[in-house]
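In: The amino acid sequence is not available; the structure is as follows:
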């Protein structure tokens, strides 16, 4: 495990300095940075590099990166550590965990850190800040953020007599295209028209459909949800109809993890998935592919997703200042641009897209800019108090409908009733 | 003299007892204690709520579904994995070529980490181009089946993995027990002219009694404990079709941070397992012959 070895080395490196503070004018401020990655590889190398560069630029500060697994593992570890009095100083966690972290009383707002710059705080895309602010305070700094886009197989488009440069722009076109793209042999389907994954966290993809149908799933305070709105059921009905009525989408629950594989294997011609898959698709698709904004209905739209940087309450004022410097370092335009190019995450500020490096990249690979162009239409990902519990209520309802156990309307009404039961105590 | 012997006895018991108290008995009692208090959240400290957590459990339809699923899971996996283990053990206990390789092949699933197994099976179960669909397509001409994505097949798919994973492990125990049966008994039976089936039912199976008891107790415990693959593959979905008691506890404790509810559910699971173990020892134990 790199963590323990790194921790041990860090402790070794730090100990002579702790033992002889008189030798130095000031002891370095040490902060630990929890970062969600499950296994070593290119991403950990990039993060290690950032930490080293930061230490060179700020000799008085030491940053110790700790790799904590998936997002789910990471929040579990951060909260468990905080409860044991050993919280990290900075952590990259899901933007939607904001309310949970506030309710547990473990994070501090960035606005109150000594030396914060308002212009920097306001310099991110508003769509990303929506999930980072509540009650007038900024709790998260957008770092590795994503959104949903459509990937389509240009060869399949040509074979179906569609223009490979014109992806569907509306729900009607999406359905019509999918009908043309679905290939059947007898009663078996050899290529599906479209695929929207529904395992694990179907609410995220569903939120794109509801946004396009012009309905919000929750309020800004995170204490009320609107799952029972008829427009929500309408959006769900559209998704269900793709599979059951029009038979252009695989039936049942579509696995998130194998969806890119289905696309590479030509089992599906259009897929919805995260921009975070861009590098993966670019490397593995054996055919020319296109990336498009999600089709609009009443309006275009997609939720944002991904991780924010949080600073923990238990950090000392000096550590908080160090954390702030580190966050500014990570989100500086040049670095945000490079990070976006290396990983496929959406660079978080307009300034990053104005850098020459990013402009060159987009000129050579226009698909990279699709996510950015979709941002003005993006909304905050579903996030409430007791977030995991509320999203589970919605996930259960969605899966019940998609597997044919419930009708769209009643499924969403049940989800709303459950969310209501959970959130009641957070109001008033 | 006696005082000294007593001291020795305590000293010898101490290491194991310390570990048991620290990691088994204390947590169990603490869990019971916590299950009567509310979950502390930020500014709200925990307070005594009596049986409210248990009432919340009883009202939660997902809890009952998890309970029901777990029952099906146990009833399906225990007899199947034990039966399969016995069959495999009898087969590789005979004199046949490549016996060692065959034994090892059966044991392989046990060696693999459950998380790796889950990722492997995720691709076996992939609709259309997954291994399973390829096989059913070629042999039976079936269309693609969404094995873990539909309510009807998801739990069965999870059970198949558990059986596959466990049978090889139990086989090793049966194999050891089979080899401990004195050959004279079989020779005596042969002299008496007993048929092979009769030898199996009257000689082999009764002598495997203690092993069977041990394996069944373990299989039952595992049917409540072995859920890693479910967390990796379905997260208890679709729509709680594969939610088991332990995944329910994990969700409550580490996703919703409702530690009080998780404690109450843990106590229920502990009681259930205790009860099951007691019943097995009383029922099966009476019919088991220890030599």
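Out: Okay, I see it. Small disclaimer: the values here were computed from a predicted structure and weren't measured. Numbering: from 1, shown residues only, chains lettered A, B, ... in the order given.

In: Around chain A, which positions in chain B sit nearby?
Out: Proximity of chain B to chain A (Cβ under 8 Å from any Cβ of the partner chain) is limited to residues B:41-43, B:62, B:122-123, B:126-129, B:143-144, B:146, B:148-151, B:234-235, B:237-241, B:251, B:254-258. For glycine as for every other residue, the C-beta is placed from the backbone atoms N, C-alpha and C.

In: these two touch, right, residue A:423 and residue A:393?
Out: No: the criterion here is Cβ atoms under 8 Å, and residue A:423 misses it with residue A:393 at 9.9 Å.

In: residues contacting the residue nearest the centre of chain B?
Out: Centroid-nearest residue in chain B: residue B:222, 1.4 Å away (criterion: Cα atoms, centre = their mean). Taking Cβ atoms under 8 Å, 6 or more residues apart in numbering or on different chains, we find residue B:222 in contact with B:77, B:162, B:166.

In: returning to what we had before: what about residue A:423 and residue A:393, which has more around it?
Out: Comparing residue A:423 with residue A:393 by other Cβ atoms under 10 Å in any protein chain shown, the one with more neighbours is residue A:393, at 24 against 20.

In: who touches that one in this structure?
Out: Here residue A:393 is in contact with A:227, A:415, A:418-419, A:422 (Cβ under 8 Å, 6+ apart).

In: before we move on, the earlier item: please spell out the PyMOL selection for the buried subset of the residues of chain B next to chain A.
Out: In PyMOL syntax, the buried subset of the residues of chain B next to chain A is picked out as below (16 or more other Cβ atoms under 10 Å in any protein chain shown):
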select buried, chain B and resi 41+62+122+126+127+128+129+144+146+148+149+150+151+234+235+237+238+239+240+241+251+254+255+256+257+258
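
In: which ones among the residues of chain B next to chain A are found in helices?
Out: B:62, B:122-123, B:151 (DSSP state H).

In: now those residues in CSV, with pLDDT and distance to residue B:200?
Out: Shown next, in CSV, are these (pLDDT from 0 to 100; distance: Cβ to Cβ, whole Å):
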residue, pLDDT, distance to residue B:200
B:62, 90, 44
B:122, 87, 39
B:123, 85, 39
B:151, 83, 40
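
In: Can you tell me which of these comes closest to chain A?
Out: Nearest to chain A among these: residue B:151, at 4.9 Å, using Cβ to the nearest Cβ.

In: Could you pull up the residues touching the closest one?
Out: A:403, A:405, B:238-239, B:241.

In: Please apply the same query to residue A:351.
Out: Residue A:351 neighbours (Cβ under 8 Å, 6+ apart): A:123, A:333, A:336.

In: try residue A:408
Out: A:233-234, A:236-237, A:240, A:401.

In: Please convert the buried members of the contacts of residue A:393 into ChimeraX selection syntax.
Out: One line in ChimeraX is enough to select the buried ones among the contacts of residue A:393; burial here means 16+ other Cβ under 10 Å:
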select /A:227,415,418,419,422
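
In: Just the contacts of residue A:393: which are in helices?
Out: Per DSSP H, the subset of the contacts of residue A:393 in helices is A:415, A:418-419, A:422.

In: Between all of those residues, which two are at the greatest distance?
Out: Farthest pair in these (Cβ to Cβ) is A:415 and A:422. Separation: 10.8 Å.

In: Which residue, other than its chain neighbours, is closest to residue B:119?
Out: Among residues not flanking residue B:119 along the chain, residue B:232 sits closest, at 6.8 Å (Cβ to Cβ, 6 or more residues apart in numbering or on different chains).

In: and residue B:164, how many neighbours?
Out: 16.

In: From residue A:297, how far out is it?
Out: Distance from residue B:164 to residue A:297, counting by Cβ to Cβ, to the nearest Å: 45 Å.

In: Kindly list the main-chain dihedrals of residue A:291?
Out: Main-chain dihedrals, residue A:291, degrees, to the nearest 10: phi -120, psi 130.

In: Isn't it up against residue A:279?
Out: No: in this structure residue A:291 lies outside contact range of residue A:279 using Cβ under 8 Å: 11.9 Å.

In: Just checking, which helix or strand of chain A averages the lowest pLDDT?
Out: Ranked by mean pLDDT, DSSP states H and E, the weakest helix or strand in chain A is helix A:2-19, scoring a mean of 46.

In: Report pLDDT for residue B:39.
Out: The model reports residue B:39 with a pLDDT of 82.

In: what's the answer for residue A:353, then?
Out: pLDDT, read off for residue A:353, is 93.

In: which ones are touching residue A:160?
Out: Residue A:160 makes contact with A:177, A:180-181, A:269 under the criterion Cβ under 8 Å, 6+ apart.

In: Revised request: answer the last question for residue A:106.
Out: A:78-79, A:82, A:87, A:312-314.

In: burial of the residue nearest to residue B:119, as a residue count?
Out: Summarising burial for residue B:232: neighbours were counted as other Cβ under 10 Å, giving 17.

In: And the helix or strand encompassing it, how far out from the chain middle?
Out: Per DSSP states H and E, residue B:232 falls inside helix B:228-233. Centroid separation between helix B:228-233 and its chain, computed with Cα atoms, centre = their mean, to the nearest Å, is 14 Å.

In: ok, now stretch A:54-66?
Out: Offset of stretch A:54-66 from its chain centre (Cα atoms, centre = their mean): 26 Å.

In: Quick check: residues of the stretch 51-200 of chain A near chain B?
Out: When proximity is defined as Cβ under 8 Å from any Cβ, the stretch 51-200 of chain A approaches chain B at A:72, A:76, A:79, A:100, A:102-105, A:187-189, A:198-200.

In: Buried subset of those, written for ChimeraX?
Out: Provided next is the ChimeraX selection string for whichever of those are buried by 16+ other Cβ under 10 Å:
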select /A:72,76,79,100,102,103,104,189,198,199,200
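
In: and of the residues of the stretch 51-200 of chain A next to chain B, the nearest to chain B?
Out: Of those, the one sitting nearest to chain B (Cβ to the nearest Cβ) turns out to be residue A:105, at 3.7 Å.

In: on that earlier part again, in helices only, show me the contacts of residue A:351.
Out: Under the assignment DSSP H, these contribute A:333, A:336 to helices.

In: Just the buried residues of the contacts of residue A:351.
Out: For these, buried by 16+ other Cβ under 10 Å: A:123, A:333, A:336.

In: Excluding chain neighbours, what is closest to residue B:39?
Out: Spatially, and ignoring its direct neighbours in sequence, residue B:39 is nearest to residue B:260 (4.3 Å; Cβ to Cβ, 6+ apart).

In: what about residue A:290, is that helix, strand or coil?
Out: Following DSSP: H, G, I helix; E, B strand; the rest coil, residue A:290 is assigned to strand.

In: Hmm, it is touching residue A:366, no?
Out: No: contact criterion Cβ under 8 Å: residue A:290 and residue A:366 do not qualify, at 9.7 Å.

In: neighbour count winner among these two?
Out: Using other Cβ under 10 Å as the criterion, residue A:290 and residue A:366 rank with residue A:290 on top: 18 against 12.

In: That one: what's it in contact with?
Out: A:151-152, A:154, A:157, A:164-165, A:167, A:367 are the contacts of residue A:290 under Cβ under 8 Å, 6+ apart.

In: Right, I'll call it a day here.
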